[in-house]
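> The sequence and its predicted three-dimensional model are supplied below.
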Amino acid sequence: MKIIQIVGRSNAGKTTFIKNLIGAISAHGAVGAVKHLGHHGFSLEPGKDTTVYYESYAAISGGVDEEKSVVVRRENDLNSTLEVLCNAGIEYAILEGFKSRPFPRIVIGDLESENVVLRNPSVDEVIAALDRFEDYHTVEGLVRELKRECDVSHAGAILTFNGIVREWTGDDRTEYMDFDETVDAVAESIQKEIQAVPGIIGARFYHRKGRLYAGEDITYLAILAERRQEAFAAAANAIDRLKRELHDVEK
């Protein structure tokens, strides 16, 4: 899932630009849009059943009619919302605001900002630069992407793997690990190696970058194979290589 962040001052035209961008990007894949509401909050209609359920401390309150569904969740952090979008098969997540999150971004107006990919672009310029925006993955999202790109609804075996930063390994404690852009080349090489194995229909391998603390997700691996044996063997080889090339290095 690509994250396309739009930032700018109030009344700079962000919402109008995003409206046009959603229509254009929808031709390339499913789009989700999330706005940072800040201190304004979102008003739930008083007295409605879904509001009553939420006020009764339901973790999720929702309703479904003939055209749409509405869900209110108690989680108020961006990460959990991105997980929901990715798990639902969204391919492009457009964020309005969230200036404190350092995603590669588009600036509308004259706001000073870091990580700027484009400033006051046309919609066509954004479409041409989609590969410059950050990827976000979950294991379920990788499986959806894998099935979609391999054009299959089912296969003999689907194997997923999610690795985390372990706090303790024997007597050694790890508070955090740092990974730079070199992990991208390793991940791409491992993915190609998996896909070259006979019996493998497709594979997706993703390794997060930056400083990752104990307990955080670090690697995602999804393999689509004709049989379970090929999937397990390919996964084992990939994990061994990852350990040799990255995780055995002193940090």
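Done, it's in.
> Quick one: low-confidence residue ranges for the chain.
152-156, 247-251 (pLDDT under 70).
> care to break it down by domain?
For the chain, automatic domain parsing gives the domain ranges 2-135, 139-247.
> Quick check: which of those domains is buried the most?
Among the domains of the chain, domain 139-247 has the highest mean neighbour count (mean count of other Cβ atoms under 10 Å), at a mean of 16. From N, CA and C alone the C-beta is placed, and that goes for glycine too.
> and that one, how far out from the chain's middle?
15 Å (Cα atoms, centre = their mean, to the nearest Å).
> same thing with stretch 69-77?
For stretch 69-77, the distance to the chain centre is 18 Å (Cα atoms, centre = their mean).
> Can I get that stretch in PDB? Just the C-alpha atoms.
Extracted in PDB, the C-alpha atoms of stretch 69-77 (Å, rounded to 0.1, in the frame of the first residue of the first chain):
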ATOM      1  CA  SER A  69     -21.200   0.600   5.800                       C
ATOM      2  CA  VAL A  70     -20.000   2.800   8.700                       C
ATOM      3  CA  VAL A  71     -17.600   1.800  11.400                       C
ATOM      4  CA  VAL A  72     -16.500   3.800  14.500                       C
ATOM      5  CA  ARG A  73     -13.400   2.400  16.200                       C
ATOM      6  CA  ARG A  74     -12.000   3.400  19.600                       C
ATOM      7  CA  GLU A  75      -8.400   3.300  18.400                       C
ATOM      8  CA  ASN A  76      -7.300   6.900  17.700                       C
ATOM      9  CA  ASP A  77      -3.800   6.300  16.300                       C
END
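> Residues contacting it from elsewhere in the structure, which ones?
The contact list for stretch 69-77, computed with Cβ atoms under 8 Å, 6 or more residues apart in numbering, reads 44, 50, 54, 57-64, 80-81, 84.
> want to throw these into TSV with secondary structure and distance to Leu159?
Listed next are those as TSV, based on DSSP: H, G, I helix; E, B strand; the rest coil; distance: Cβ to Cβ, whole Å:
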residue	secondary structure	distance to Leu159
Leu44	coil	41
Thr50	helix	38
Tyr54	helix	38
Tyr57	coil	38
Ala58	coil	35
Ala59	coil	30
Ile60	strand	29
Ser61	strand	35
Gly62	strand	32
Gly63	strand	36
Val64	strand	33
Ser80	helix	26
Thr81	helix	27
Val84	helix	23
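> Tell me where the stretch 151-251 of the chain has strands.
157-164, 168-169, 172-173, 176-179, 200-207, 210-213, 217-225 (DSSP state E, counting those that start in this stretch).
> looking at those, which is closest to Leu130?
strand 200-207 (17.3 Å; Cβ to Cβ).
> beta partners of Arg119?
Per DSSP bridges, the residues bridged to Arg119 are Val107.
> And stretch 22-34, end to end?
One end of stretch 22-34 sits 12 Å from the other (Cα to Cα, to the nearest Å).
> Please name the residues that touch Tyr220.
So Tyr220 contacts 137-139, 142, 160-163, 204-207 (Cβ under 8 Å, 6+ apart).
> Kindly indicate which of those residues lies nearest Asp110.
For the contacts of Tyr220, the nearest to Asp110 is His137 (33.5 Å; Cβ to Cβ).
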